[in-house]
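Student: I need the structure of the sequence given here:
(chains A and B)
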Amino acid sequence: MNNQLTAPSGGRGRFMRSLMKNKWLYLMILPGLLYIIIYKYIPMYGLIISFQNYKPYQGIMGSEWVGFEHFERLFQSPDFWMIFSNTIILFALQLVIYFPIPIILALMLNELRSEGYKRTIQTLVYLPHFMSWVIVVSISFVIFTVDGGIVNSVLEMLGFQKINFLLQAEWFRPMYILQVIWREAGWGTIIFLAAIAAVDPQLYEAAKMDGAGRIRQMISITLPAIRSVIVVLLILKIGDVLELGFEHVYLLLNSANRHVAEIFDTYVYVSGIQQGQLSYSTAVGFFKGFVGLVLVIGANKLAKKYGEDGIY
Amino acid sequence: MVGDKTWSGRLFNGVNMVLLGLIGLATVLPFVHVFGSSFATAGEIASKKFLLVPTEFTLDAYRYIFSTSTLPKAMLVSLGVTAAGTLWSMLISVLTAYGLSRKDLMGRNGIMFLFVFTMLFNGGMIPTFLVVKETGLLDSYLSLIVPVSINVFNMIILKTFFQGLPDALEESAKIDGSNDVGILFRIIIPCSLPAIATISLFYAVTYWNTYMHAVLYLSDAGKWPVQVLLRQIIVLASGLSYDNAVYTDAPPPSQAVKMAVIVVATLPVLVVYPFLQKHFAKGALLGSVKA
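Tutor: All right, here's what the predicted structure looks like:
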């Protein structure tokens, strides 16, 4: 009995002493801590409503408990398979088409001998990263629209039919990946350029002695040297499979392309905010968040196993 | 370099330079096209020969978009949110980052975990929306700032930077009798200006680009920031979005008007960009390598 009483009070005493000694530091952390508690952890607690028929006027305490009903509804809905396959296809596009581009760009930039020219190109290709998705999608809109967009004007001049890039469902995926490449490929080179900068210059000297040309050096030295960075980023990318850019897809979504464009995030928005199915949409969001968490943790474990530090 | 002087080495250099030049140009061409079109007459755009530089220069599109107070108002909202948001986020991020950078702080790892975990998992859109509603922020400009007070990634970059400063700085200040607040504001912050500038810019760009939160939390169209207004103006003619267009009474804007609005919404980022690109890249690297 005595032990049980003294042990915690001893710990508390140590904590109180630390609290007094570092009171200013704790006060500094307090606003940030309150922020994540209110706007990050209370919403996590709010995930409870995905097991209820939540009614705002009844609150979390008073709403009817329904167990996994909303999750069952999601898995039985034809929407689920639509969203699932859209997610996989968009992710595959990102992996196969987008992912190699920053690597190739970084290799090319690294071969530039003029620092000034290199900086100029970097300045140009980094720029779109700082544009909002609204601006990226708006610029695509005015360029690709059938009413006076430059692309369709050129197509017409060359004697082709106009193409409604913005409304036809089959053009959603090409537009999506094109915009991702335009906005992010340049910025994505940074981490690879940093990895390349760390390569031992002696390796290149040795290769030159052996008569290796520039392309040969690129393939036999630079690429293997940054292989671990590539693998780690690839693994982490796979962990992010569900993060396809809510804002971006939302901006591209319309009634004509919904069957190819709807992803989990946009589905949550439409069913929750627009249709008011709060519990159901929370369940969808919870499912997505949970799978995402498992994937990210798994990817990080794998990345660490590979011998590199994960991001978290 | 020996390899550069051979015939094949020169060819490689030349081809590489030309290719990268083309890629660089292709990246900025859409901007140049939009910028040029915004000064072109409707007739020239309709003639379909327009590409980059207008033959006839006109400010009609700009006159039109500034003829009502809608766009200037939205610009002001965005500027205000950007200024206030950046200040607030920097204040709270620097305080948190400095507190967590001190190794002697009990419970530091646990608190750090609480922050990092929010990067991996969150309550999602609907529960967050409900909290924003419960805390009375709906239809307030604060809803664009308070729910995103700290970007944990940015906070970690700052924390890493503070940890990299020599301990001697703090110790000498402690001998002089400064408390932790004094140390932070008189010693740490003045020594960290490059990092603070970088992260401020990250925050500022994010706040200027804010869109989704405004769509979620602001139902009053009079409070819209410029990104939401831009979206409305662009999709107005098409009628193919989920959004409910508010300005349906107005005639659909011509191409040049859309271009002009894009230019105005892009300009603040474009103006600061050339000076700060180097810092941005450094900050991103610091975050991705060390966080």
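Student: quick one, what contacts residue A:136?
Tutor: By CB atoms under 8 Å, 6 or more residues apart in numbering or on different chains, the residues touching residue A:136 are A:128, A:179, A:182-183, A:248. No exception for glycine: its C-beta is placed from N, CA and C like everyone else's.
Student: chain B next: which of those residues are close?
Tutor: For chain B, the contacts drawn from those by CB under 8 Å from any CB of the partner chain are A:128, A:182.
Student: CSV for the contacts of residue A:136, including pLDDT?
Tutor: Formatted as CSV, these follow (pLDDT from 0 to 100):
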residue, pLDDT
A:128, 95
A:179, 97
A:182, 97
A:183, 96
A:248, 96
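Student: are any of the contacts of residue A:136 buried, and which?
Tutor: A:128, A:179, A:182-183, A:248 (16 or more other CB atoms under 10 Å in any protein chain shown).
Student: mind listing which of those residues are in helices?
Tutor: A:179, A:182-183, A:248 (DSSP state H).
Student: closest one of these to chain B?
Tutor: Relative to chain B, the closest of those is residue A:182; by CB to the nearest CB it sits at 6.8 Å.
Student: quick check: closest non-adjacent residue to the residue in the stretch 51-200 of chain A that chain B sits nearest to.
Tutor: In the stretch 51-200 of chain A, the residue that lies nearest chain B is residue A:132 (3.4 Å; CB to the nearest CB). By the measure of CB to CB, 6 or more residues apart in numbering or on different chains, the closest residue to residue A:132 outside its immediate chain neighbours is residue B:209, 3.4 Å from it.
Student: same thing with residue A:36?
Tutor: Excluding the flanking residues, the one nearest residue A:36 by CB to CB, 6+ apart is residue B:118, at 5.6 Å.
Student: again with residue B:263
Tutor: Nearest non-adjacent residue to residue B:263 (CB to CB, 6+ apart): residue B:38, at 4.9 Å.
Student: could you tell me the per-residue confidence at the residue lying closest to residue A:243 once chain neighbours are set aside?
Tutor: With sequence-adjacent residues excluded and distances taken as CB to CB, 6+ apart, residue A:243 is closest to residue A:292, at 7.1 Å. As predicted, residue A:292 sits at a pLDDT of 91.
Student: so which elements touch whichever strand or helix holds residue A:292?
Tutor: Residue A:292 belongs to helix A:278-305 when assigned by DSSP states H and E. Of the remaining helices and strands, those touching helix A:278-305 by 3 or more CB pairs under 8 Å, 6 or more residues apart in numbering or on different chains; DSSP states H and E are helix A:69-76, helix A:227-239, helix A:264-268, helix B:108-120, helix B:125-134.
Student: now distance to residue B:65 too, for the ones you listed, in TSV please.
Tutor: Below are the helices and strands packed on helix A:278-305 laid out as TSV (distance: least, CB to CB, whole Å):
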stretch	distance to residue B:65
helix A:69-76	44
helix A:227-239	40
helix A:264-268	30
helix B:108-120	39
helix B:125-134	31
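Student: please work out which of those is packed deepest.
Tutor: helix A:264-268 (a mean of 24; mean count of other CB atoms under 10 Å in any protein chain shown).
Student: follow-up on the earlier one: next, the residue nearest to residue A:132: phi, psi?
Tutor: Main-chain dihedrals, residue B:209, degrees, to the nearest 10: phi -90, psi 0.
Student: before we move on, what about residue B:230?
Tutor: Backbone geometry at residue B:230, expressed as degrees, to the nearest 10, gives phi -60, psi -50.
Student: okay, it: pLDDT?
Tutor: Per-residue confidence (pLDDT) for residue B:230: 93.
Student: I'd say it and residue B:263 touch.
Tutor: No - Residue B:230 is beyond contact range of residue B:263, at 10.3 Å (criterion: CB atoms under 8 Å).
Student: more neighbours, these two?
Tutor: residue B:230 (25 against 21; other CB atoms under 10 Å in any protein chain shown).
Student: separation between that one and residue B:88?
Tutor: Plainly put, residue B:230 is 24 Å away from residue B:88 if you go by CB to CB, to the nearest Å.
Student: what of residue A:94?
Tutor: As judged by CB to CB, residue A:94 and residue B:88 stand 34 Å apart.
Student: let me see the contact set for residue B:178.
Tutor: By CB under 8 Å, 6+ apart, the contact set of residue B:178 is B:186-187.
Student: correct me if wrong, but it is in a strand.
Tutor: No - residue state for residue B:178 (DSSP: H, G, I helix; E, B strand; the rest coil) corresponds to coil; a strand is not indicated.
Student: looking at the stretch 51-200 of chain B, what residue ends up closest to chain A?
Tutor: Proximity to chain A, evaluated over the stretch 51-200 of chain B using CB to the nearest CB, is greatest for residue B:123 at 2.6 Å.
Student: just give me the neighbour total for the nearest residue to that residue once chain neighbours are set aside.
Tutor: The shortest distance from residue B:123 to any non-neighbouring residue, by CB to CB, 6+ apart, is to residue A:43 (2.6 Å). Neighbours of residue A:43 under the rule other CB under 10 Å: 24.
Student: could you export the helix or strand harbouring residue B:214 as PDB, CA atoms only?
Tutor: Assigned by DSSP H and E, residue B:214 falls within helix B:212-217. Provided in PDB are the C-alpha atoms of helix B:212-217 (Å, rounded to 0.1, in the frame of the first residue of the first chain):
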ATOM      1  CA  MET B 212     -10.300  23.600 -50.000                       C
ATOM      2  CA  HIS B 213     -10.700  25.100 -46.500                       C
ATOM      3  CA  ALA B 214     -12.500  28.100 -47.900                       C
ATOM      4  CA  VAL B 215     -14.800  25.800 -49.900                       C
ATOM      5  CA  LEU B 216     -15.500  23.700 -46.800                       C
ATOM      6  CA  TYR B 217     -15.800  26.400 -44.100                       C
END
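Student: just checking, which helix or strand of chain B averages the lowest pLDDT?
Tutor: Averaged element by element with mean pLDDT, DSSP states H and E, chain B has its least confident helix or strand at helix B:2-5 (a mean of 56).
Student: after that one, next one along is what?
Tutor: Sequence-wise, the next helix or strand downstream of helix B:2-5 (DSSP H and E) is helix B:7-38.
Student: ok, back up a step: now do the residue nearest to residue A:36 against residue B:163, distance only.
Tutor: Distance, residue B:118 to residue B:163, by CB to CB: 21 Å.
Student: for residue A:29, same thing?
Tutor: 15 Å.
Student: so for those two, which residue has more residues nearby?
Tutor: With neighbours defined as other CB under 10 Å, residue A:29 and residue B:163 compare such that residue A:29 has more, 24 against 15.
Student: return the residues in contact with that one.
Tutor: Contact analysis of residue A:29 by CB under 8 Å, 6+ apart lists B:95-96, B:99-100, B:111.
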